[in-house]
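Peer 1: here is a sequence with its predicted model. Questions after.
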Amino acid sequence: MPQATDFFIPVVPRISPDVPQARRGTLSWVRERQLLPDETSLDRFASWDLAELAGRVSPRAVGEDLRTAADVQSFFFLFDDLFDTPIGDHPGRARVVCDEFTAVMHHLRPVPTASPPALLHAWADLWSRQTAGMSRAWRTRAAEVWETYFAGHVTEARHRLSRRLLGSQEYVLLRRQVVGADPTLIQCERAGHREIPDAVFHSTVFRTMRELTGDVAFLVNDVQSVEKEERKGELNNLVLIVERERACPRVTAIEAICDMVRQRIHHFSALEGELDSLCDRLALPAGECAHVEDFVADAMWACMRGNYDWGRRTRRYAAR
């Protein structure tokens, strides 16, 4: 079963001790904000256990920090599923929806014309909670990351409308936008109450490490979710794309993606070894260098490993 595929991610699994409390809290948040239509939908949502995902991605977060992280993960999946409705087949409608969510970050309060009002209002609540206590520079950077994420769904809608089969390289570029790794890492900064220095964040080394983190997440995700997506009639999943491009059986396609993960992990590890010299070149204080090192361990590695461990357990990717 693809969901049980083994990937080698060479760090020890970790999880926050406050996941049970976050689990109860985020389910209450979803129910109180009426983000799902009925209890059956809520039960299905609960089986995905997104609080566990948050607790694995931010293993040192506790209390309200983990609650916010869990609510952000809930938003990711509910927002993504919005584009499995007719909105996702109409780029114009998708653009209006994404513009409405983007406007919230710029302190605008648009009257929803295409977005579900409950989800838009939930996003306003989340954005306020995420940015509380963070610097203006961080808020600007976070808004840019989220805007890129939202815009990716418009591009995805154009591909759905055309029914065009993507090649592997084009697909990778699209998935980097919509997998949500960059917004997750931004949230990890918030959950850990530490901001990555802008000079580091925008450096080639760190930018590549962020990209590799997202690649590992979506490569693993595509393998774990292929049966679910195939059942939905989805055409653009990397397992399916590799099968088409190489005219190979599924087991061979999955082996090829496992090799892609290994290559990216190797590249990430090599770049991690360059961080000390990067901090030296930027003349960063020792405390800021320590923040960067902690972030790599507690956010980047945790994101790759945590996404994998959660994906093996969640009912989100169950074939039935």
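Peer 2: Alright, I've got the coordinates. Computed from a predicted structure; not experimentally measured.

Peer 1: centroid-nearest residue for the chain?
Peer 2: The structure's the chain has its C-alpha centroid closest to Gly180; by Cα atoms, centre = their mean the separation is 2.8 Å.

Peer 1: contacts only, for Thr314.
Peer 2: Shown in contact with Thr314 (Cβ atoms under 8 Å, 6 or more residues apart in numbering): 47-49, 52-53. In short, each C-beta sits where N, CA and C put it, glycine included.

Peer 1: which one in the chain is furthest away from the centre?
Peer 2: Most distant from the centre of the chain: Ala283, at 31.5 Å, with distances by Cα atoms, centre = their mean.

Peer 1: distance of it from Ile196?
Peer 2: Counting by Cβ to Cβ, to the nearest Å, the gap from Ala283 to Ile196 is 16 Å.

Peer 1: and for Ser135?
Peer 2: With Cβ to Cβ as the criterion, Ser135 and Ile196 are 11 Å apart.

Peer 1: the more surrounded of the two?
Peer 2: Neighbour count, other Cβ atoms under 10 Å: between Ser135 and Ile196, Ile196 has more, with 23 against 11.

Peer 1: residues contacting the more buried one?
Peer 2: When the contact criterion is Cβ under 8 Å, 6+ apart, the partners of Ile196 are 189, 206, 291-292, 295.

Peer 1: ok, and the most crowded of those?
Peer 2: Most neighbours among the contacts of Ile196, by other Cβ under 10 Å: Phe295, with 24 neighbours.

Peer 1: now do the helices in the stretch 51-200 of the chain.
Peer 2: 63-82, 91-105, 117-131, 136-162, 168-178, 181-191, 198-201 (DSSP state H, counting those that start in this stretch).

Peer 1: switch those helices over to TSV; also include distance to Asn237 and mean pLDDT.
Peer 2: TSV is the format used below for the helices of the stretch 51-200 of the chain (distance: least, Cβ to Cβ, whole Å; pLDDT from 0 to 100):
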stretch	distance to Asn237	mean pLDDT
helix 63-82	14	95
helix 91-105	20	93
helix 117-131	25	94
helix 136-162	12	91
helix 168-178	8	91
helix 181-191	17	95
helix 198-201	31	94
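
Peer 1: comparing those helices, which comes out most buried?
Peer 2: Ranked by mean neighbour count, the helices of the stretch 51-200 of the chain are led by helix 181-191 with a mean of 24 (mean count of other Cβ atoms under 10 Å).

Peer 1: for that one, name the packing helices and strands.
Peer 2: helix 63-82, helix 117-131, helix 136-162, helix 204-232, helix 302-313 (3 or more Cβ pairs under 8 Å, 6 or more residues apart in numbering; DSSP states H and E).

Peer 1: among the ones you listed, which comes closest to Ala247?
Peer 2: Closest of those to Ala247 is helix 204-232, at 17.1 Å (criterion: Cβ to Cβ).

Peer 1: that closest one vs helix 302-313, what angle?
Peer 2: 10 degrees (axes from the mean of the first three to the mean of the last three Cα atoms, to 10 degrees).

Peer 1: can you tell me which helices and strands helix 204-232 packs against?
Peer 2: Using 3+ Cβ pairs under 8 Å, 6+ apart: helix 204-232 touches helix 168-178, helix 181-191, helix 238-246, helix 250-272, helix 275-281, helix 302-313.

Peer 1: want to try a markdown table for those helices, with distance to His202 as columns?
Peer 2: Listed next are the helices and strands packed on helix 204-232 as a markdown table, based on distance: least, Cβ to Cβ, whole Å:
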| stretch | distance to His202 |
| --- | --- |
| helix 168-178 | 17 |
| helix 181-191 | 13 |
| helix 238-246 | 28 |
| helix 250-272 | 15 |
| helix 275-281 | 12 |
| helix 302-313 | 19 |
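
Peer 1: among these, which comes closest to Arg95?
Peer 2: helix 168-178 (14.3 Å).
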